[in-house]
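In: Please work out how this folds:
(one chain, ligands or ions: 1)
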Amino acid sequence: MAFFLSGSDTMIDFDAIPHDRLPVLLRTMPKAELHIHIEGSLEPELIFALAQRNGVALPYANVEALRAAYAFTDLQSFLDIYYAGASVLLEEQDFFDMGLAYFERAAADNVVHAELFFDPQTHTDRGVPIGTVINGLSRACETAQRELGVSGALILCFLRHLSEEAAFATLDAAMPYLQTPLQTAPQSARSRIVGVGLDSSERGNPPEKFARVFERCRELGLHLVAHAGEEGPPAYIWSALDVLQVERIDHGVACLGDPALVARLAAERVPLTVCPLSNVKLRVYPTMDRHNLAALLDAGLCATVNSDDPAYFGGYINQNFMEAFAALPQLTARHAHRLAANSFEAAFVDAATKARWNQMLDKVFAAD
Ligand SMILES: [Zn+2]
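Out: Model (predicted):
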């Protein structure tokens, strides 16, 4: 049957959509972005502008020299330059400017909702107060909602190459800013933090290392996500699910090597926040035509497309869609619609909001 009944009763004839309409659909369809490290959205131009504003010396002569240094070979060599770039962020206004610059790009890509990862330890370890970080980013979320119509939330990430003790110290410092039903400390009304995540170097830093801090976050009623199965093995995905009890897996592309894991992820509709350009840039796949995005979808998984660190990996969310679909001809309009619908299903928002976004999505695909 050519017709597919979508969530909002709109009949979409996917098979009748000509292949050459795909690029327009990918660009214009509403979507949510759920895997974006806001520090990874720092463009060389903004790094230099902030360095000048704050009197920070950079080990690069100019914007071109910095951009040329973005030739990483693996996750660690990327992280080295990533932390150097973050060194220019000192004042609340810097974090606001970085956040809003991302939201402007996201709005241009028809992102209706973004959940931004941020790494407080990258900043507090340099002496920047955690409130400076959270207030600047939360204010960017407010402005994005008001002026761009993009809703935003924040996910506080623990750096997994640091200790669990350091993660607990970060959680303690963030307590006044956590939006949770069980939070008893005085809350900052402005904070947009809805959950916690786990990022940075995966190899050698299994999820188990953070079992207790995630248990505490779960008790606080926070949403839980974790990077797993990017460079690490399927076993890290299992322990992210079973030990950390996360609701989403960030990346997770390694799951296809483990059929029992795929069956579990599909049955429980555990979202995977996949980042195609990142995976190619960091050599998880040698080229985009070897990426397993189509296989993940065809296995019935709730895969989504995201940009990870867009300033460093070659593009924002629409560039990820465009390059993945160009390299993988088995991806069709039905897959595009599925990816956008999955991003809404996976978002930490209420059901009524998701239904509204799905109606917007169906309208784009139903239009001539
Ligand atoms: Zn990531």
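
In: can you pull out the helices in the stretch 101-250 of the chain?
Out: 120-124, 130-143, 164-174, 211-219, 234-242 (DSSP state H, counting those that start in this stretch).

In: what's the third one in contact with?
Out: It refers to helix 164-174. The contact list for helix 164-174 (CB atoms under 8 Å, 6 or more residues apart in numbering) reads 120-121, 124, 130, 134, 156, 158-159, 193, 196, 209-210, 212-213, 216-217. C-beta here means a position set from N, CA and C on the backbone, and glycine is covered the same way.

In: Figure out which of the helices of the stretch 101-250 of the chain is closest to Val280.
Out: helix 234-242 (20.5 Å; CB to CB).

In: between that closest one and helix 211-219, how many degrees?
Out: Angle, helix 234-242 to helix 211-219, by axes from the mean of the first three to the mean of the last three CA atoms, to 10 degrees: 40 degrees.

In: Now do the buried residues in helix 234-242.
Out: Going by neighbour count (16 or more other CB atoms under 10 Å), the buried part of helix 234-242 is 234, 236-241.

In: What is the distance between that helix and the centre of its chain?
Out: 19 Å (CA atoms, centre = their mean, to the nearest Å).

In: so what does it touch, helix or strand wise?
Out: Here helix 234-242 touches strand 223-228, strand 248-251, helix 259-267, going by 3 or more CB pairs under 8 Å, 6 or more residues apart in numbering; DSSP states H and E.

In: Ok, which of the ones you listed comes nearest Ala51?
Out: Between Ala51 and the helices and strands packed on helix 234-242, the shortest gap by CB to CB is with strand 223-228, which sits at 28.4 Å.

In: So which of the contacts of helix 164-174 wins on neighbours?
Out: Highest neighbour count within those, by other CB atoms under 10 Å: Val196, with 29 neighbours.

In: thinking again about what came up before, determine which stretch of the helices and strands packed on helix 234-242 is the most buried.
Out: Comparing those by mean neighbour count (mean count of other CB atoms under 10 Å), strand 248-251 ranks first with a mean of 28.

In: which residues sit against that strand?
Out: With contacts defined as CB under 8 Å, 6+ apart, strand 248-251 is touched by 34-35, 197, 199, 225-230, 237, 240-241, 255, 265, 270-275, 279, 346.

In: and the gap between the residue nearest to Gly136 when sequence neighbours are not counted and Pro310?
Out: Leaving aside its chain neighbours, Gly136 sits nearest to Phe95 (2.7 Å; criterion: CB to CB, 6 or more residues apart in numbering). Distance of Phe95 to Pro310, given as CB to CB, to the nearest Å: 17 Å.

In: Next: Ala49.
Out: 18 Å.

In: same deal with Pro176?
Out: 30 Å.

In: who's more crowded, the two?
Out: Remark: of Pro176 and Pro310, Pro310 carries more neighbours, 27 against 15, as counted by other CB under 10 Å.
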